[in-house]
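K.L.:
Give me the fold of what follows.
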Amino acid sequence: MASDKNTSTSKISKEAVAGDSGSVKIKEVASNRKAYHDYFIDETIEAGLVLTGTEIKSVRDGRVNLRDAFAKVENGEAWLWNAHISAYDHAGRYFNHTPTRSRKLLLHKDEIRRLAMKSQAKGLTLVPLRMYLKKGRAKVEVGLARGKKLYDKREALAEREANREIERVVKDSMR
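P.N.:
Now for the predicted structure:
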């Protein structure tokens, strides 16, 4: 009899355990909720991240902000720009890192080529959606995104409000 695997959706909780044997712990460090408000996400891809010693310690402490971050393909390499990883408190002045430096994303050559071609299309950009630790390694979920217009944002807000109102009415009617 096959063991039941836990099939998870794109949203993973703070600490999720998938599968029975050889469990994989995923700890979400930061998420970019504003990206879902400003963009339509067409597809997502997981990328590794090249970090220094003090950066990974700050990531493990959860001191990351992806709000203004974006990814870019330059010279056949993928880079993460403007992701703010705070300085590590116990490192001292000389051994610390610059909080908003560009960081290299670890992807296969074919994935980089495909993302470069798609991101050069009209209106598409690479946006980091969340950062998490998987098997002790820092990973970033990057989304290929199209920008939303103002009326799209208003429509999404109105739909969310309508759903909340429906849920409230249904909950009150159950009492």
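
K.L.:
Point me to the residue sitting closest to the centre of this protein.
P.N.:
Nearest to the geometric centre of the chain sits residue 130, at 1.8 Å (C-alpha atoms, centre = their mean).

K.L.:
The host helix or strand of it: how far from the chain's middle?
P.N.:
Per DSSP states H and E, residue 130 falls inside strand 124-134. On the basis of C-alpha atoms, centre = their mean, to the nearest Å, strand 124-134 sits 3 Å off its chain's mean C-alpha point.

K.L.:
mean confidence score for it?
P.N.:
Strand 124-134 shows a mean pLDDT of 94.

K.L.:
which helices and strands sit right next to it?
P.N.:
Here strand 124-134 touches strand 24-31, helix 33-38, strand 39-49, helix 53-60, strand 70-74, helix 109-119, strand 137-147, going by 3 or more C-beta pairs under 8 Å, 6 or more residues apart in numbering; DSSP states H and E. Bear in mind the C-beta positions are built from the backbone N, C-alpha and C, glycine included.

K.L.:
still on that earlier bit, isn't the residue nearest to the centre of the chain up against residue 138?
P.N.:
No: the pair residue 130 / residue 138 is not scored as a contact, 11.4 Å apart, by C-beta atoms under 8 Å.

K.L.:
Would you indicate which residues of stretch 66-84 are buried?
P.N.:
By 16 or more other C-beta atoms under 10 Å, the buried positions in stretch 66-84 come out as 66, 69-73, 78-84.

K.L.:
out of those residues, which one sits closest to residue 142?
P.N.:
If you rank those by distance to residue 142 using C-beta to C-beta, residue 71 comes first, at 5.2 Å.

K.L.:
That closest one and residue 128 touch, don't they?
P.N.:
Yes: if you go by C-beta under 8 Å, residue 71 and residue 128 touch, sitting 6.1 Å apart.
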